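Student: quick check, what structure comes out for this input:
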Amino acid sequence: MSQSSWYTEAHQASGSSIGFRIERQLHAEKTPWQTIEIYQTTDWGNLMVIDGCVMLTGRDNFLYHEMMTHPALFTHARAKRVVIIGGGDCGTLREVLKHEEVEQAIQVEIDERVTRLAEQYFPELCDSNGDPRAELLFIDGIKYMAEAEPESIDLIIVDSTDPVGPAEGLFNAAFYASCYKALRHGGILVQQSESPLAHLELIKAMRAAMRTANFAAVRTLSFPQPCYPTGWWSCTMARKGGDLADFRERGAMSKNFTTRYYNAEVHRGALAQPEFMREAFGE
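Tutor: Numbers count the residues shown, from 1 in each chain. Predicted coordinates for the structure are as follows:
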């Protein structure tokens, strides 16, 4: 491919598209679950695409990975056992293991090829794969949660693709009920919840399903994500006992590890809801 080639993802629901100038395709394969492509871009590092949807770039993935992990970990009093459903690129695992209180982090990814390609093309995301606290399982996350021991997990992070294909079953009350059962009192579920601009009805449905599964406290945090539709993304947290309005602010301010986006001020700001979201959620 020439340097003038572009990879463009059209998002029909919002009538928009996002594109990246690419130098060449580095890899392409069809696994039993999905089609994975890797491209080298001119300005955004390597690019991973799954089933035609942009998953991550080397340049902006830190926004997503940090917001999927640190707000929940600094909200929980002391999360010792963390389960990540999906997250095959391992960036979420890396961020989780920056927290010294975490004693075990289990990543449950259905497609091993996502992880092996991340190790090859996004090695910076896989720095913690060899951490003795990390366990990588390549099995069905829905089945794993359904069979999880009751009250055995402190934090569940659902780092999934869009709610189609292998990830479709991760966005319903039955799955959330499995998570609720597996969480200890005070435990937190956090799930990527798409774009507030383009997928507000989906977020409303997710929040309603979480409440149906007995989660009393639910909060949606938004953050920038240039490589995803509309450039604005979100994660939604739900808690088993306790609320989500406060977090260990002093701990976030004095954290002993580096981040590029997350800090206590960002966390506090992300808890604020734009007016249209407050209206939609009845807050």
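Student: can you give me the strands in the stretch 151-283 of the chain?
Tutor: Remark: strands of the stretch 151-283 of the chain, listed N- to C-terminal, are 153-159, 183-192, 217-224, 232-239; assignment by DSSP state E, counting those that start in this stretch.
Student: so of those strands, which one's packed in deepest?
Tutor: Mean neighbour counts were compared across those using mean count of other Cβ atoms under 10 Å; the top stretch is strand 153-159, at a mean of 26. Placement of C-beta: from N, CA and C, glycine included.
Student: now that one against strand 183-192, angle please.
Tutor: When axes from the mean of the first three to the mean of the last three Cα atoms, to 10 degrees is applied, the directions of strand 153-159 and strand 183-192 differ by 10 degrees.
Student: what's strand 153-159 packed up against?
Tutor: helix 61-75, strand 81-86, helix 91-96, helix 173-182, strand 183-192 (3 or more Cβ pairs under 8 Å, 6 or more residues apart in numbering; DSSP states H and E).
Student: how far does the third one sit from the chain's center?
Tutor: Distance of helix 91-96 from the chain centroid (Cα atoms, centre = their mean, to the nearest Å) equals 10 Å.
Student: likewise for the last one?
Tutor: Centre-to-centre, strand 183-192 and its host chain are 13 Å apart (Cα atoms, centre = their mean).
Student: again with the longest one
Tutor: The chain centroid and the centroid of helix 61-75 are separated by 8 Å, computed with Cα atoms, centre = their mean.
Student: closest one to residue 106 among the helices and strands packed on strand 153-159?
Tutor: Taking Cβ to Cβ, strand 81-86 is the member of the helices and strands packed on strand 153-159 nearest to residue 106, at 4.9 Å.
Student: end-to-end on stretch 131-147?
Tutor: 25 Å (Cα to Cα, to the nearest Å).
Student: just the mean pLDDT for it, thanks.
Tutor: Mean pLDDT, stretch 131-147: 96.
Student: what residues of that stretch count as buried?
Tutor: If you call a residue buried by 16 or more other Cβ atoms under 10 Å, then stretch 131-147 has these buried ones: 133-134, 136, 140-142, 144-145.
Student: which residues are contacting it?
Tutor: With contact meaning Cβ atoms under 8 Å, 6 or more residues apart in numbering, stretch 131-147 is reached by 83, 85-86, 93, 97, 102-112, 115, 128-129, 156, 158, 160, 169-170, 175, 178-179, 182.
Student: to residue 64, which of the strands of the stretch 151-283 of the chain lies closest?
Tutor: Closest to residue 64 of those is strand 232-239 (Cβ to Cβ; 6.7 Å).
Student: what's in contact with the closest one?
Tutor: Residues from elsewhere that reach strand 232-239, judged by Cβ under 8 Å, 6+ apart: 63-64, 67-68, 71-72, 75, 176, 186-197, 203, 206-207, 210, 213, 215-225, 244.
Student: from what I can see residue 102 touches residue 80, true?
Tutor: Yes. Taking Cβ atoms under 8 Å as the definition, residue 102 is a contact partner of residue 80 at 6.5 Å.
Student: coming back round to it: what would the buried residues of stretch 131-147 look like in a markdown table with secondary structure?
Tutor: Below are the buried residues of stretch 131-147 laid out as a markdown table (DSSP: H, G, I helix; E, B strand; the rest coil):
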| residue | secondary structure |
| --- | --- |
| 133 | coil |
| 134 | strand |
| 136 | strand |
| 140 | coil |
| 141 | helix |
| 142 | helix |
| 144 | helix |
| 145 | helix |
